[in-house]
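>>> test case, fold it:
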Amino acid sequence: MRQRSRGRVTLAAAAAMCAVAALPGPAYADGGTAAYTFDPGAEAVAGAEVNTEAAELKAGAVYRSSIKAGQKLYYRLNLDATTNAYVSAVAVPKGGGKVAYGDGITVSIRNSSDLQCSSEDARFESAEYPRPIAAYAYRVVQKDSSTCQGPGTYNVLVERESKATSEPGDWDLELRYAAEPELSDHAAMPTDAPQDWPSASPAPPTPATDNRRSGGTGYYDATSLETGEWKAEITPGQTLFYRVPVDWGQQIFATAGLGNSTASDDYIGSALAMSLDNPAQGHVDDVSPMAYSGKPASVSLDPVPPVAYRNRFASTESVSAMRFAGWYYLSVTLSPELKKAYGAKPFPLTLSVKVEGKAQGSPYAGEAGIFAVTEKDKDLAARGQSGPQAAESESTTMKLVGAAGIGTGTVLVLALGVWTLLARRRAATAPPPYGGPPQAW
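This is a model prediction of the structure:
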């Protein structure tokens, strides 16, 4: 009986895992444009136009807010004298709206005297169509600096710039505050930026047998990738998100390409945009948007340095942002302009990703959270699972294991009850030993 029960549970578990692996792709809004997927655990927070009224952001938390055209919004941090703090903002314009060259956001962290600790902006450049864009700012503790080093209240300022010709509606914001782990006591880290690194593009990766990876619709549900050539479909106006685990000492290369189309040969100047962001969702680099005229076309990220702690001392953004290990995010957007000339059908997309270099040890003390690559991360990348898919798979497995445990326990209790009952019946019906008790004289 128990063996049959285990067999059923095993079959159920396998079926459930297959169902999780076959979860449907992103849901599309009207017009074929995928909506951005916000973290469902994000807490609603309103930015303040006066800094003294700003709401506090907590380390490790995700928030959802919004910003109007031309608005400047404050949020608050309470920092000690040792923590490196990173706050990112993802700006999500409404689908179908209009943006112009130079539109975007600037994120900065400032001390109580309004001295700027750091800032970064994210702009729509020649690819003038709505899509999620991200930027971050940080307060880092440095021995040779006197600005933004002490404990106290710091302000996060998010500013939006939009041209008069742009869509004036609100942009949604997704805010994240991450605290970097402390260095281990024995970690002697270089304090100078790297001068050179491998810049030649590596040989293309070998296509995998099962190489379909649909892509997510936000950082939250980004599809995990490892080295390989991956295929998907992308609709005009859609942004697909992927994430790649890149460990200390490793270097990431990426190329995105569109297949040919038989519908038209019209020239679209900024057809495909690709961007790379780091584990704190700070911008690393992007590519000049790819042109398309119905023939196969591709575009590649410029080589970035291997992940290293010392990169943070570089003045170049694309080098400085490669400062910690973890999930690096690739986003690919197809211009909505293609719909006019080529129709609304999805285009074949190929994403070639290669991670080179031997993984090195972490400089942090203890667990590093999002600033690390774990064996679980590598497994997710090999299976092409997003974070929510992995969580759902684990939840389903635990439920089945729990059900199996309850079922097994129930069977044992019933078996014990039946055995006890049979033993009592045998005792009641058995003849007295040696012919019964002795006769009374």
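>>> so where is the chain shaky, pLDDT-wise?
Scanning the chain for pLDDT under 70 picks out 1-34, 186-187, 207-209, 393-441.
>>> do you have the helices of it handy? List them.
2-21, 317-320, 338-342, 375-383, 387-429 (DSSP state H).
>>> can you pull the contacts of the residue nearest the centre of the chain?
In the chain, the centroid-proximal residue (Cα atoms, centre = their mean) is Y219; its distance is 3.9 Å. The neighbours of Y219, taking Cβ atoms under 8 Å, 6 or more residues apart in numbering as the test, are 39, 90, 134, 174, 241, 243, 277, 281, 329. Heads up, the C-betas are built off the backbone N, CA and C, glycines and all.
>>> and the second one, how many residues sit next to it?
Read that as V90. 25 (other Cβ atoms under 10 Å).
>>> what sits against it?
Contacts of V90 (Cβ under 8 Å, 6+ apart): 132-134, 173-175, 219, 281.
>>> could you measure from it over to A48?
Separation of V90 from A48 (Cβ to Cβ, to the nearest Å): 19 Å.
>>> the fifth one too?
Plainly put, F241 is 30 Å away from A48 if you go by Cβ to Cβ.
>>> so for these two, which residue has more residues nearby?
F241 (25 against 16).
>>> quick check: P130 touching D103?
No: using Cβ atoms under 8 Å, P130 is not in contact with D103, being 9.4 Å away.
>>> quickly list what L330 is bridged to.
Y242, L276 (DSSP bridges).
>>> pull the number of nearby residues for it.
24.
>>> for it, give its distance to S224.
For L330, the distance to S224 - Cβ to Cβ - is 11 Å.
>>> need the overlap of contacts for the two.
Common neighbours of L330 and S224 (Cβ under 8 Å, 6+ apart) are 242-244.
>>> now these in JSON lines, with neighbour count?
As requested, the shared contacts of L330 and S224 are exported to JSON lines (neighbours: other Cβ atoms under 10 Å):
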{"residue": "Y242", "neighbour count": "27"}
{"residue": "R243", "neighbour count": "25"}
{"residue": "V244", "neighbour count": "26"}
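>>> for these, which one is nearest A164?
Y242 (35.2 Å; Cβ to Cβ).
>>> quick one: contacts for that closest one?
Residues near Y242 by Cβ under 8 Å, 6+ apart: 213, 215-216, 222-225, 230, 329-332, 351, 353.
>>> the same query, at a cut-off of 7 Å, please.
Residues near Y242 by Cβ atoms under 7 Å, 6 or more residues apart in numbering: 215, 222-223, 225, 330, 351.
>>> over to E233?
346-349.
>>> distance check, S298 against D80.
Distance from S298 to D80, counting by Cβ to Cβ: 47 Å.
>>> equivalent analysis for L330, please.
According to Cβ to Cβ, L330 and D80 sit 34 Å apart.
>>> please apply the same query to Y242.
Distance from Y242 to D80, by Cβ to Cβ: 35 Å.
>>> how near is A122 to A89?
According to Cβ to Cβ, A122 stands 8 Å off from A89.
>>> quick check: the residue nearest to the centre of the chain vs S66, distance?
Note on Y219: its distance to S66, by Cβ to Cβ, is 17 Å.
>>> same question, A321
On the measure of Cβ to Cβ, A321 and S66 end up 26 Å apart.
>>> those two - which one has more neighbours?
Set A321 next to S66 and count neighbours by other Cβ under 10 Å: A321 wins out with 25 against 18.
>>> P363 contacts L183, doesn't it?
Yes: judged on Cβ atoms under 7 Å, P363 makes contact with L183 at a distance of 5.5 Å.
>>> dig out what A91 forms beta bridges with.
Counting by DSSP bridges, the residues bridging with A91 are I133, L173.
>>> check contacts around G215.
G215 touches 223, 232, 240-242, counting by Cβ under 7 Å, 6+ apart.
>>> returning to what we had before: which neighbours do A122 and A89 share?
Contact criterion Cβ under 7 Å, 6+ apart; residues shared by A122 and A89: 105, 134-135.
>>> ok, which pair from the contacts of Y242 is furthest apart?
Across the contacts of Y242 (Cβ to Cβ), the longest gap, 12.1 Å, separates A222 and L351.
>>> please say which of the two ends up with more neighbours.
Per other Cβ under 10 Å, whichever of A222 and L351 has more neighbours is L351, with 26 against 23.
>>> thought that one was touching L258?
No: applying Cβ under 7 Å, one finds L351 not in contact with L258, separated by 10.8 Å.
>>> who touches both of the two?
Joint contacts of L351 and L258 (Cβ under 7 Å, 6+ apart) do not exist.
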